[in-house]
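1. Compute the structure for the input listed below.
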Amino acid sequence: MLTAKTTELDLTQVWLDSEPDSARLRVTFPINKWAGSSDSAVVYFEIEPGDRLARHTDSAEEVLYVVSGEAEAEVGDEQGRLAAGDLAVIPAMVPHGLANVGDQAVKVVGFFSESEITSTFDEPVQPIGASVLNQGAPPPA
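-> Below you'll find the predicted structure:
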């Protein structure tokens, strides 16, 4: 059995150089192909008040579960509010982003329908330095 405790995950702070004070969050991909999953992946992230997950696309459909906080979601041309306990489906390859509009950290678990996920941003994500990310993959040797 492959498990991960969200309260014990090692999160990585990421940001965009064009918006270092707002396009930032803490994130990790604890379950994926490289962790031993064959058909699905999981992302866990936290966004502080006033910060946001920049608009991007993912190669697989994603279901978001908001653990805590309140966020404004942008999915394609749609916008909507999400709060603790809410679920949202993000279709594969549809541009989307999430902004914290509340006064506490937004904590989200995302479930993907594939074990290998490619995320594409408009500009390089720091400190990684790339705009196309193979999520959860070990760093290049």
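
2. just for the protein, where's the confidence low?
-> Counting by pLDDT under 70, the chain has low-confidence residues at 139-141.

3. all strands of it, in order?
-> For the chain, strands defined by DSSP state E occupy the ranges 12-16, 24-31, 41-47, 52-58, 62-68, 70-75, 78-83, 87-90, 96-100, 106-112, 117-126, 130-135.

4. Of these, which is nearest Lys5?
-> Between Lys5 and the strands of the chain, the shortest gap by CB to CB is with strand 24-31, which sits at 8.8 Å. C-beta: built from backbone N, CA, C; applies to glycine.

5. And the contacts of that closest one?
-> Contact partners of strand 24-31, identified using CB atoms under 8 Å, 6 or more residues apart in numbering, comprise 2, 4, 9-16, 35, 37, 40-48, 51-53, 117, 135-136.

6. Which strands border it, and is each parallel or antiparallel?
-> In the sheet, strand 24-31 lines up against strand 12-16 (antiparallel), strand 41-47 (antiparallel) (DSSP bridges).

7. Go through those and name the closest to Pro124.
-> Nearest of the strands paired with strand 24-31 (CB to CB): strand 12-16, 7.8 Å.

8. What about Thr57, how many residues nearby?
-> Thr57 has 17 neighbours, counted by other CB atoms under 10 Å.

9. contacting residues around it?
-> Shown in contact with Thr57 (CB under 8 Å, 6+ apart): 93-96, 119-120.

10. same check, this time on Asn100
-> Contact analysis of Asn100 by CB under 8 Å, 6+ apart lists 47-52, 69-71, 106.
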